[in-house]
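Enquirer: show me the folded form of this:
(one chain, ligands or ions: 1)
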Amino acid sequence: MNPGIDHTLRGGWTLEGGKLPAHALRWLRTRTGLSEHPTPVAPDSVLVVPEPELGEAARADLVAVVGEEHVLLDRTARLGRAGGLSYVDLLRHRGCGQLAVPDAVVLPADPDEVLAVLKACAEHNVGVVPFGGGTSVVGGVSALRGDKPAVIALDLVRLNRLVSVDPVSRLAVLQAGVRAPEAERLLAAHGFTLGHFPQSFERATIGGFAATRSAGQASSGYGRFEDMVEGLRLATPVGELKLGVAPATAAGPGLKDLVVGSEGAFGVISEVTLRVRRAPTHRRYEGVFLDGWDRGHEAVRDLAQQRVLADVTRLSDAEETEISLALTGGLKSQALTGYLRARRVTDPCLLILGWEANSAAELAARRAATLRVLRAHKPVRLGKVLGEAWRHGRYNGPRQRDALLDAGVCVETLETATHWSQLSTLRSAVRGALLRSLPGAVVMCHVSHAYETGASLYFTVLVPRAAEDPIGQWQTAKSAACRAIAPLGTISHHHAVGTDHAPYLPGEVGELGVRVIESVKRELDPTGVLNPGKLLPVPPKG
Ligand SMILES: Cc1cc2nc3c(=O)[nH]c(=O)nc-3n(C[C@H](O)[C@H](O)[C@H](O)COP(=O)(O)OP(=O)(O)OC[C@H]3O[C@@H](n4cnc5c(N)ncnc54)[C@H](O)[C@@H]3O)c2cc1C
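Expert: Alright, predicted model coming up:
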């Protein structure tokens with residue numbers, strides 16, 4: 001089994017929970033009017049878990065494939081795979097609203113068992129939710145039944161092997177259930193890294209990354225996860241699809257791209273062949289301040305278009321800069337603000353730049369190229385302190401979120417991307433929609449994935465949680481934000497579609513685009529057992 005945080009832990013990121021310093025809580029109370037309203041994780045015993053409805057014949061066939069001990073019907077196992085880790089999922093595990101709990105958890109050992117489980121489920125008309133790290137924030141692992149009498153969570157935790165490494169071609173084959181830290185550990189033994197470091201790094205899996213087109217914090221240097229996928233194996237109820245024989249191909253349309261991002265609706269990814277890089281020997285992370293959002297995003301555009309982006313390039317708007325300094329800094333942040341004012345930076349936007357290289361010379365050359373282009377945008381460079389602080393705290397977000405939830409805060413994120421010419425319009429539209437829905441909220445934004453033609457926008461919202469209907473409070477705001485995004489950008493740059501964004505997919509790819517997706521699903525999953533209600537809002541007609 002994978003080491004690290006127990007992947008069945010729901011209701012929070014870690015068992016220990018997070019901690020907010022007293023000055024951060026004071027700041028939040030002043031800024032948002034937050035009062036004392038703690039909501040600790042409810043004990044699992046108060047949660048409503050219906051009796052499993054998996055029929056005896058289906059259970060017997062699943063047991064025949066994976067063994068008795070790998071078909072789990074007990075309450076704890078099922079609750080541990082009931083939903084993902086969005087704010088709303090966490091609230092549900094804290095006793096608000098209703099949980100969708102799978103009827104059973106099935107744990108196959110290898111790609112052949114995955115295939116056999118899918119065949120058995122199709123035969124018995126049982127829904128299947130592929131479950132990797134369970135970190136979906138868009139309802140991707142919600143145990144919805146659709147029109148099926150029962151649904152299982154197909155947990156890939158036992159597919160935890162590095163299958164092979166080809167050091168000459170720089171390729172590694174990893175099973176789908178390998179979690180990111182374990183993947184890095186296995187690859188490091190061969191001198192390689194994947195370079196995929198999303199904020200969910202500690203819990204998410206290789207299969208989940210591929211299924212959702214994930215993007216890590218160092219995507220400017222290492223690329224998005226889809227750029228790393230050379231090939232894969234997809235188990236479906238009608239057989240196995242094996243893709244990826246060459247680094248590039250003109251053999252028809254890209255079937256690999258149909259599988260990457262298919263969110264468990266076309267099949268279960270059992271193995272992924274990945275492009276790996278030599279593990280870096282030299283790193284440097286720095287903090288730079290730019291004056292105002294416009295100057296900041298123009299600087300990032302310039303870096304992208306002149307192809308000198310640092311591997312990590314992350315620009316916070318003034319709100320996010322102010323809040324991250326206030327939540328971490330105390331007195332030091334006041335001194336910093338004074339210094340920036342003296343340097344005529346009135347609206348400071350923090351830009352984190354991180355370079356990773358295999359020699360001091362390579363690092364120096366790449367850093368110099370980035371800083372040369374940046375000079376035109378009048379940066380105030382503050383050296384390594386803020387960059388290193390960011391690097392050390394890069395996985396703290398989810399722990400902080402636990403602490404904010406405990407303190408009674410509605411805290412959630414959402415993301416999108418668009419072309420440079422629309423970026424500021426989109427940012428204003430989403431901010432406006434969120435602030436109209438949640439008056440008095442703190443809405444912060446950053447760019448963390450930049451391309452020559454555009455960039456992502458990632459929003460974080462903090463507001464006192466509504467006591468009466470906390471789920472409705474967020475869902476109303478999220479719908480308003482999605483409606484603001486739809487005409488200007490993509491409904492998701494990296495969190496995927498799941499259930500939450502499914503209603504917006506036709507707006508993005510058109511009715512014809514949806515019919516293409518439906519027809520692929522019908523071919524690979526003729527009885528519609530795979531991940532009911534995800535990606536496509538309603539199952540396609542037979
Ligand atoms: C705190 C937090 C921070 C996050 N930060 C980032 C980030 O920086 N970048 C980013 O891209 N995402 C981020 N996410 C979203 C999430 O981590 C990603 O979507 C991740 O790729 C999901 O991986 P997982 O293994 O947890 O997949 P799961 O959550 O288990 O599944 C996600 C979807 O993929 C399907 N699926 C899972 N495994 C397979 C498989 N083997 N075959 C077929 N389908 C499968 C599931 O059914 C589901 O629809 C974050 C989430 C959280 C909670």
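
Enquirer: contact residues of the stretch 101-250 of the chain facing the ligand?
Expert: Counting by C-beta under 6 Å from any ligand atom, the residues of the stretch 101-250 of the chain close to the ligand are 129-137, 140-141, 156, 176, 198-200, 204-205, 207-209, 211-212, 214-215. (Glycine included, C-beta is placed from N, CA and C.)

Enquirer: how does it look with 8 Å?
Expert: 129-138, 140-141, 156, 159, 176-177, 179, 197-201, 203-217, 225, 234 (C-beta under 8 Å from any ligand atom).

Enquirer: go on, the stretch 301-450 of the chain?
Expert: Proximity of the stretch 301-450 of the chain to the ligand (C-beta under 8 Å from any ligand atom) is limited to residues Gly397, Pro398, Arg401, Thr413, Ser448.

Enquirer: got JSON lines for those residues, with neighbour count, distance to Glu508 and pLDDT too?
Expert: Putting these into JSON lines (neighbours: other C-beta atoms under 10 Å; distance: C-beta to C-beta, whole Å; pLDDT from 0 to 100) gives the following:
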{"residue": "Gly397", "neighbour count": "15", "distance to Glu508": "27", "pLDDT": "92"}
{"residue": "Pro398", "neighbour count": "19", "distance to Glu508": "28", "pLDDT": "95"}
{"residue": "Arg401", "neighbour count": "21", "distance to Glu508": "28", "pLDDT": "94"}
{"residue": "Thr413", "neighbour count": "16", "distance to Glu508": "20", "pLDDT": "98"}
{"residue": "Ser448", "neighbour count": "25", "distance to Glu508": "21", "pLDDT": "91"}
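
Enquirer: so which of those residues are in helices?
Expert: Secondary structure from DSSP state H places Gly397, Pro398, Arg401 of these in helices.

Enquirer: of those, which is the nearest to Arg391?
Expert: Arg391 has its nearest neighbour among those in Gly397, at 13.5 Å by C-beta to C-beta.

Enquirer: just the pLDDT for Gly542.
Expert: Gly542 carries a pLDDT value of 36.

Enquirer: please read the previous query as pertaining to Val529.
Expert: With respect to pLDDT, Val529 scores 98.

Enquirer: quick one, phi/psi of it?
Expert: Main-chain torsions, Val529, degrees, to the nearest 10: phi -80, psi -20.

Enquirer: next, format the ones in helices among the residues of the stretch 301-450 of the chain next to the ligand as CSV and append distance to Gly33.
Expert: Output for these, formatted as CSV (distance: C-beta to C-beta, whole Å):
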residue, distance to Gly33
Gly397, 23
Pro398, 25
Arg401, 20
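
Enquirer: follow-up on the earlier one: out of the residues of the stretch 301-450 of the chain next to the ligand, who's nearest Val373?
Expert: Nearest to Val373 among those, with distances taken as C-beta to C-beta, is Ser448, at 18.7 Å.

Enquirer: chain neighbours aside, what residue packs nearest to the closest one?
Expert: Nearest non-adjacent residue to Ser448, counting by C-beta to C-beta, 6 or more residues apart in numbering: Arg314, 4.6 Å away.

Enquirer: over to Val509?
Expert: Closest to Val509 by C-beta to C-beta, 6+ apart is Ile517, at 7.5 Å.

Enquirer: repeat that for Glu286.
Expert: Among residues not flanking Glu286 along the chain, Gly387 sits closest, at 4.0 Å (C-beta to C-beta, 6+ apart).

Enquirer: do Asn125 as well
Expert: Leaving aside its chain neighbours, Asn125 sits nearest to Lys148 (5.8 Å; criterion: C-beta to C-beta, 6+ apart).

Enquirer: burial count for the one you found?
Expert: 21 (other C-beta atoms under 10 Å).

Enquirer: could you do Ser200 as well?
Expert: 25.

Enquirer: give me phi/psi at it?
Expert: Note on Ser200: backbone dihedrals following degrees, to the nearest 10 are phi -90, psi 10.

Enquirer: and Val165, by the same measure?
Expert: Here is the backbone geometry of Val165 (degrees, to the nearest 10): phi -130, psi 130.

Enquirer: what residues are up against it?
Expert: By C-beta atoms under 8 Å, 6 or more residues apart in numbering, the contact set of Val165 is Leu171, Ala172, Val173, Leu187, His190, Phe192, Val276.

Enquirer: for it, give the beta-bridge partners.
Expert: Beta-bridge partners for Val165, by DSSP bridges, are Ala172.

Enquirer: and the pLDDT for it?
Expert: In this model, Val165 is scored at 98, pLDDT.

Enquirer: any idea how far Arg436 is from it?
Expert: Going from Val165 to Arg436 by C-beta to C-beta, to the nearest Å gives 52 Å.

Enquirer: my guess is Phe459 meets Leu426, correct?
Expert: No. Counting by C-beta atoms under 8 Å, Phe459 does not reach Leu426; the two are 10.5 Å apart.

Enquirer: leaving out chain neighbours, which residue sits closest to Phe197?
Expert: Gly216 (4.4 Å).

Enquirer: so the one you found sits against Thr193, correct?
Expert: No. Applying C-beta under 8 Å as the test, Gly216 and Thr193 come out as separate, 11.2 Å apart.

Enquirer: between the two, who's got more neighbours?
Expert: Counted by other C-beta under 10 Å, Gly216 and Thr193 do not tie: Gly216 has more neighbours, with 27 against 19.

Enquirer: which residues touch that one?
Expert: Gly195, His196, Phe197, Pro198, Phe201, Tyr222, Arg224, Phe225.

Enquirer: swap the cut-off to 7 Å and go again
Expert: Residues near Gly216 by C-beta atoms under 7 Å, 6 or more residues apart in numbering: His196, Phe197, Pro198, Tyr222.

Enquirer: contacts made by the helix-or-strand element of the chain with minimal mean pLDDT with the rest, please.
Expert: In the chain, no helix or strand scores lower on mean pLDDT, DSSP states H and E than helix 331-342, which sits at a mean of 82. Outside of helix 331-342, the residues within contact range by C-beta under 7 Å, 6+ apart are Phe289, Leu325, Ala326, Pro348, Val380.
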